[in-house]
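# Sequence first, then the predicted structure, then my questions.
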Amino acid sequence: MALPFEIMGVVNVTPDSFPDGGEWFEHDAAVAHGLELAAEGAMILDIGGESTRPHALPVPEEEERLRTEPVVRVLARSGATVSIDTTKLAVAEAALDAGARYVNDVTAFRTEPDMAGLVADRGARCCLMHMLGDPRTMQENPRYDDVVDDVKAFLTERAEFAVKEGVREDRIDVDPGIGFGKTLAHNLQLLRRTDEIVALGFRVLIGVSRKSFIHRLADVPDPHARVPGTIAANVLALERGARVFRVHDVAEAHQGLTVAAATLDLDGARQ
Ligand code: HH2
(Lines give C-alpha, C1' and ligand atoms only; values in the text may rest on other atoms or scores of the structure.)
Protein backbone atom coordinates (compact mmCIF):
# COMPACT_ATOMS: atom_id res chain seq x y z
CA MET A 1 0.00 0.00 0.00
CA ALA A 2 1.24 3.50 -0.77
CA LEU A 3 2.30 5.39 2.34
CA PRO A 4 1.00 8.92 2.99
CA PHE A 5 4.55 10.29 3.02
CA GLU A 6 7.78 9.93 1.09
CA ILE A 7 11.26 9.67 2.52
CA MET A 8 14.14 11.28 0.64
CA GLY A 9 17.39 9.57 1.62
CA VAL A 10 20.55 11.71 1.55
CA VAL A 11 23.56 10.47 -0.44
CA ASN A 12 26.31 13.09 -0.14
CA VAL A 13 29.14 12.36 -2.59
CA THR A 14 31.33 15.00 -0.99
CA PRO A 15 34.45 15.06 1.16
CA ASP A 16 33.11 17.84 3.40
CA SER A 17 29.34 17.58 3.85
CA PHE A 18 27.66 18.31 7.08
CA PRO A 19 27.24 15.91 8.85
CA ASP A 20 28.53 12.90 6.92
CA GLY A 21 31.39 14.41 4.91
CA GLY A 22 33.68 11.83 3.36
CA GLU A 23 31.69 8.78 4.43
CA TRP A 24 30.27 8.12 0.96
CA PHE A 25 32.75 10.03 -1.22
CA GLU A 26 33.98 6.99 -3.18
CA HIS A 27 31.69 5.94 -6.04
CA ASP A 28 31.13 2.37 -4.82
CA ALA A 29 30.47 3.48 -1.25
CA ALA A 30 27.95 6.09 -2.44
CA VAL A 31 26.13 3.56 -4.63
CA ALA A 32 26.03 0.94 -1.85
CA HIS A 33 24.76 3.54 0.58
CA GLY A 34 22.03 4.65 -1.83
CA LEU A 35 20.89 1.06 -2.36
CA GLU A 36 20.80 0.51 1.39
CA LEU A 37 18.69 3.64 1.92
CA ALA A 38 16.27 2.50 -0.83
CA ALA A 39 15.97 -0.91 0.86
CA GLU A 40 15.22 0.84 4.16
CA GLY A 41 12.30 2.74 2.62
CA ALA A 42 13.64 5.81 0.80
CA MET A 43 11.43 6.44 -2.25
CA ILE A 44 13.69 9.30 -3.34
CA LEU A 45 17.50 9.26 -3.24
CA ASP A 46 18.99 12.76 -3.12
CA ILE A 47 22.48 12.78 -4.63
CA GLY A 48 24.62 15.81 -3.79
CA GLY A 49 28.16 16.68 -4.91
CA GLU A 50 28.54 20.05 -3.18
CA SER A 51 28.10 20.79 0.51
CA THR A 52 25.66 23.55 1.46
CA ARG A 53 26.80 23.77 5.07
CA PRO A 54 27.58 27.25 6.40
CA HIS A 55 30.94 28.53 5.06
CA ALA A 56 31.22 25.63 2.57
CA LEU A 57 33.51 26.31 -0.37
CA PRO A 58 32.00 26.15 -3.87
CA VAL A 59 32.82 23.09 -6.01
CA PRO A 60 33.73 23.63 -9.70
CA GLU A 61 30.99 22.51 -12.08
CA GLU A 62 32.98 19.74 -13.77
CA GLU A 63 34.09 18.30 -10.42
CA GLU A 64 30.51 18.27 -9.13
CA ARG A 65 29.29 16.57 -12.31
CA LEU A 66 32.03 13.93 -12.11
CA ARG A 67 31.11 13.20 -8.48
CA THR A 68 27.37 12.86 -9.04
CA GLU A 69 26.58 11.66 -12.59
CA PRO A 70 28.03 8.11 -12.28
CA VAL A 71 26.25 7.58 -8.94
CA VAL A 72 22.96 8.84 -10.40
CA ARG A 73 23.35 6.50 -13.40
CA VAL A 74 23.62 3.37 -11.25
CA LEU A 75 21.03 4.32 -8.63
CA ALA A 76 18.46 5.32 -11.29
CA ARG A 77 18.33 1.62 -12.24
CA SER A 78 17.40 0.65 -8.67
CA GLY A 79 13.76 1.68 -8.96
CA ALA A 80 14.00 4.63 -6.56
CA THR A 81 13.36 8.14 -7.84
CA VAL A 82 16.77 9.78 -8.06
CA SER A 83 17.08 13.44 -7.13
CA ILE A 84 20.03 15.67 -7.92
CA ASP A 85 20.83 18.17 -5.16
CA THR A 86 22.48 20.97 -7.13
CA THR A 87 22.28 24.65 -7.96
CA LYS A 88 24.09 24.19 -11.30
CA LEU A 89 22.30 23.77 -14.63
CA ALA A 90 24.99 21.57 -16.22
CA VAL A 91 25.08 19.23 -13.21
CA ALA A 92 21.27 18.92 -13.22
CA GLU A 93 21.21 18.31 -16.98
CA ALA A 94 23.84 15.55 -16.74
CA ALA A 95 21.93 13.93 -13.87
CA LEU A 96 18.64 14.04 -15.78
CA ASP A 97 20.43 12.49 -18.78
CA ALA A 98 21.67 9.77 -16.44
CA GLY A 99 18.16 8.96 -15.18
CA ALA A 100 17.39 11.44 -12.38
CA ARG A 101 13.75 12.54 -12.22
CA TYR A 102 13.86 15.14 -9.45
CA VAL A 103 15.86 18.37 -9.08
CA ASN A 104 16.50 19.67 -5.55
CA ASP A 105 17.82 23.21 -5.94
CA VAL A 106 18.40 24.90 -2.57
CA THR A 107 18.39 28.26 -4.35
CA ALA A 108 14.96 27.63 -5.90
CA PHE A 109 16.16 28.41 -9.46
CA ARG A 110 17.68 31.76 -8.43
CA THR A 111 21.29 30.79 -9.24
CA GLU A 112 20.39 29.41 -12.68
CA PRO A 113 16.90 30.49 -13.75
CA ASP A 114 17.14 28.19 -16.81
CA MET A 115 16.90 25.28 -14.39
CA ALA A 116 13.12 25.80 -14.38
CA GLY A 117 12.84 25.30 -18.15
CA LEU A 118 15.06 22.22 -17.93
CA VAL A 119 12.84 20.68 -15.22
CA ALA A 120 9.75 21.53 -17.30
CA ASP A 121 11.16 20.03 -20.54
CA ARG A 122 12.15 16.79 -18.82
CA GLY A 123 8.88 16.42 -16.89
CA ALA A 124 10.90 16.16 -13.68
CA ARG A 125 9.75 16.94 -10.16
CA CYS A 126 11.53 19.63 -8.20
CA CYS A 127 11.99 21.10 -4.75
CA LEU A 128 12.05 24.86 -4.27
CA MET A 129 13.74 25.70 -0.97
CA HIS A 130 13.91 28.95 0.97
CA MET A 131 17.35 30.25 1.91
CA LEU A 132 18.28 33.72 3.15
CA GLY A 133 21.40 34.86 1.26
CA ASP A 134 23.87 32.12 0.33
CA PRO A 135 25.63 29.38 2.33
CA ARG A 136 28.62 31.63 3.12
CA THR A 137 26.53 34.39 4.64
CA MET A 138 23.18 32.86 5.59
CA GLN A 139 23.82 32.45 9.32
CA GLU A 140 25.07 36.02 9.81
CA ASN A 141 22.33 37.58 11.91
CA PRO A 142 19.27 36.41 9.89
CA ARG A 143 16.25 38.73 10.27
CA TYR A 144 12.62 38.54 9.12
CA ASP A 145 9.44 40.57 9.67
CA ASP A 146 7.60 37.31 10.31
CA VAL A 147 9.66 34.30 9.30
CA VAL A 148 6.67 32.17 8.21
CA ASP A 149 5.04 34.96 6.20
CA ASP A 150 8.36 35.88 4.57
CA VAL A 151 9.12 32.24 3.66
CA LYS A 152 5.59 31.80 2.29
CA ALA A 153 5.92 34.92 0.11
CA PHE A 154 9.28 33.71 -1.20
CA LEU A 155 8.01 30.19 -1.98
CA THR A 156 4.91 31.59 -3.69
CA GLU A 157 7.04 33.85 -5.91
CA ARG A 158 9.45 31.02 -6.81
CA ALA A 159 6.60 28.59 -7.55
CA GLU A 160 4.93 31.20 -9.79
CA PHE A 161 8.22 31.61 -11.63
CA ALA A 162 8.57 27.83 -12.09
CA VAL A 163 5.00 27.51 -13.37
CA LYS A 164 5.56 30.42 -15.80
CA GLU A 165 8.58 28.51 -17.13
CA GLY A 166 6.39 25.46 -17.73
CA VAL A 167 6.80 23.31 -14.59
CA ARG A 168 3.53 21.58 -13.70
CA GLU A 169 2.17 22.65 -10.30
CA ASP A 170 1.80 19.07 -9.12
CA ARG A 171 5.50 18.49 -9.76
CA ILE A 172 6.60 21.23 -7.36
CA ASP A 173 7.51 20.56 -3.72
CA VAL A 174 8.29 23.52 -1.46
CA ASP A 175 10.63 23.55 1.54
CA PRO A 176 11.03 26.19 4.28
CA GLY A 177 14.78 25.46 4.40
CA ILE A 178 15.35 24.60 8.05
CA GLY A 179 18.80 25.91 9.06
CA PHE A 180 19.32 28.00 5.93
CA GLY A 181 19.57 31.56 7.26
CA LYS A 182 17.50 30.90 10.39
CA THR A 183 17.98 31.23 14.11
CA LEU A 184 16.74 28.55 16.48
CA ALA A 185 13.57 30.58 17.04
CA HIS A 186 13.01 30.88 13.27
CA ASN A 187 13.42 27.12 12.78
CA LEU A 188 10.93 26.39 15.57
CA GLN A 189 8.38 28.85 14.18
CA LEU A 190 8.61 27.23 10.75
CA LEU A 191 8.15 23.73 12.17
CA ARG A 192 5.33 24.82 14.49
CA ARG A 193 3.51 26.60 11.64
CA THR A 194 4.18 24.07 8.86
CA ASP A 195 0.41 23.95 8.25
CA GLU A 196 0.54 27.55 6.97
CA ILE A 197 3.12 26.54 4.36
CA VAL A 198 1.05 23.47 3.43
CA ALA A 199 -1.89 25.86 2.83
CA LEU A 200 0.01 27.28 -0.19
CA GLY A 201 -1.19 24.14 -2.00
CA PHE A 202 2.13 22.43 -2.74
CA ARG A 203 3.61 19.32 -1.19
CA VAL A 204 5.88 20.39 1.64
CA LEU A 205 9.33 18.87 2.07
CA ILE A 206 11.10 19.15 5.43
CA GLY A 207 14.86 18.79 5.94
CA VAL A 208 15.69 18.67 9.65
CA SER A 209 17.97 15.65 9.63
CA ARG A 210 20.83 15.84 12.16
CA LYS A 211 20.77 19.66 11.97
CA SER A 212 22.39 21.87 14.57
CA PHE A 213 19.13 23.24 16.01
CA ILE A 214 18.73 19.77 17.59
CA HIS A 215 22.08 20.26 19.31
CA ARG A 216 21.07 23.74 20.41
CA LEU A 217 17.90 22.38 22.00
CA ALA A 218 19.07 19.06 23.43
CA ASP A 219 22.87 19.35 23.70
CA VAL A 220 23.85 16.66 21.18
CA PRO A 221 27.26 17.64 19.71
CA ASP A 222 27.61 14.47 17.59
CA PRO A 223 25.39 14.81 14.48
CA HIS A 224 25.02 11.01 14.26
CA ALA A 225 23.36 11.05 17.69
CA ARG A 226 20.62 13.48 16.58
CA VAL A 227 18.28 10.81 15.20
CA PRO A 228 15.67 11.03 17.99
CA GLY A 229 15.43 14.82 17.58
CA THR A 230 15.20 14.39 13.81
CA ILE A 231 12.29 11.96 14.17
CA ALA A 232 10.47 14.15 16.70
CA ALA A 233 10.60 17.18 14.37
CA ASN A 234 9.59 15.11 11.34
CA VAL A 235 6.62 13.53 13.13
CA LEU A 236 5.30 16.93 14.21
CA ALA A 237 5.75 18.28 10.68
CA LEU A 238 3.84 15.24 9.35
CA GLU A 239 1.02 16.02 11.73
CA ARG A 240 0.98 19.58 10.39
CA GLY A 241 0.79 18.38 6.77
CA ALA A 242 4.36 17.95 5.48
CA ARG A 243 4.66 14.90 3.24
CA VAL A 244 8.30 14.55 2.13
CA PHE A 245 11.12 14.08 4.63
CA ARG A 246 14.80 14.46 3.71
CA VAL A 247 16.83 12.33 6.12
CA HIS A 248 20.18 10.58 6.56
CA ASP A 249 18.79 7.82 8.83
CA VAL A 250 16.08 6.30 6.66
CA ALA A 251 15.14 3.16 8.61
CA GLU A 252 14.61 5.11 11.83
CA ALA A 253 12.62 7.88 10.14
CA HIS A 254 10.53 5.33 8.25
CA GLN A 255 9.58 3.56 11.47
CA GLY A 256 8.72 6.79 13.27
CA LEU A 257 6.69 8.27 10.44
CA THR A 258 4.85 4.99 9.77
CA VAL A 259 3.69 4.77 13.38
CA ALA A 260 2.79 8.47 13.43
CA ALA A 261 0.85 8.24 10.15
CA ALA A 262 -1.17 5.25 11.40
CA THR A 263 -1.88 6.97 14.72
CA LEU A 264 -3.02 10.10 12.92
CA ASP A 265 -5.11 7.85 10.62
CA LEU A 266 -3.71 9.55 7.51
CA ASP A 267 -4.96 8.23 4.16
CA GLY A 268 -2.77 5.34 3.06
CA ALA A 269 -1.35 4.62 6.52
CA ARG A 270 -1.14 0.97 7.57
CA GLN A 271 -3.87 -0.14 9.98
N1 HH2 B 1 19.49 20.50 3.66
C2 HH2 B 1 20.76 20.24 3.25
C3 HH2 B 1 21.03 20.04 1.89
N4 HH2 B 1 20.04 20.06 0.97
N5 HH2 B 1 17.75 20.31 0.44
C6 HH2 B 1 16.48 20.57 0.82
N7 HH2 B 1 15.49 20.59 -0.08
N8 HH2 B 1 16.16 20.81 2.14
C9 HH2 B 1 17.13 20.80 3.12
O10 HH2 B 1 16.78 21.05 4.30
C11 HH2 B 1 18.49 20.53 2.74
C12 HH2 B 1 18.78 20.29 1.37
C13 HH2 B 1 21.88 20.19 4.25
O14 HH2 B 1 22.12 18.91 4.73
P15 HH2 B 1 23.24 17.88 4.17
O16 HH2 B 1 22.98 17.43 2.80
O17 HH2 B 1 23.36 16.78 5.14
O18 HH2 B 1 24.59 18.67 4.23
P19 HH2 B 1 25.47 19.34 3.06
O20 HH2 B 1 24.67 20.39 2.40
O21 HH2 B 1 26.67 19.87 3.78
O22 HH2 B 1 25.81 18.28 2.07
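Nice, I can see it. Residues are numbered from 1 along each chain as shown.
# use CA for all of it now, contacts and neighbours both
Will do.
# Phi, psi for residue 220 please.
Torsion angles at residue 220 (phi, psi; degrees, to the nearest 10) stand at phi -130, psi 90.
# and the closest residue to it other than its chain neighbours, how many neighbours does it have?
Counting by Cα to Cα, 6 or more residues apart in numbering, residue 226 is the residue found nearest to residue 220 once chain neighbours are left out, at 6.5 Å. A count of nearby residues for residue 226, using other Cα atoms under 10 Å, gives 22.
# before we move on, what about residue 252?
So residue 252, with other Cα under 10 Å, has 17 neighbours.
# With residue 114 instead?
15.
# same question, residue 191
There are 24 residues near residue 191, going by other Cα under 10 Å.
# what's around the closest residue to the ligand within the stretch 151-271 of the chain, how many residues?
Proximity of the stretch 151-271 of the chain to the ligand (Cα to the nearest ligand atom) peaks at residue 207, 3.4 Å away. Look at residue 207: counted by other Cα under 10 Å, it has 21 neighbours.
# Name the SS class of the residue nearest to it when sequence neighbours are not counted, please.
Excluding the flanking residues, the one nearest residue 207 by Cα to Cα, 6+ apart is residue 246, at 4.9 Å. With DSSP: H, G, I helix; E, B strand; the rest coil as the basis, residue 246 sits in strand.
# Tell me the buried residues in the helix or strand hosting residue 115?
Element membership of residue 115, judged by DSSP states H and E, is helix 114-122. Neighbour-count burial for helix 114-122, counted by 16 or more other Cα atoms under 10 Å, picks out 115-120.
# would you list those in JSON lines and tack on distance to the ligand and pLDDT?
Converted to JSON lines, the buried residues of helix 114-122 look like this (distance: Cα to the nearest ligand atom, whole Å; pLDDT from 0 to 100):
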{"residue": "115", "distance to the ligand": "15", "pLDDT": "98"}
{"residue": "116", "distance to the ligand": "15", "pLDDT": "98"}
{"residue": "117", "distance to the ligand": "19", "pLDDT": "98"}
{"residue": "118", "distance to the ligand": "18", "pLDDT": "98"}
{"residue": "119", "distance to the ligand": "15", "pLDDT": "98"}
{"residue": "120", "distance to the ligand": "18", "pLDDT": "98"}
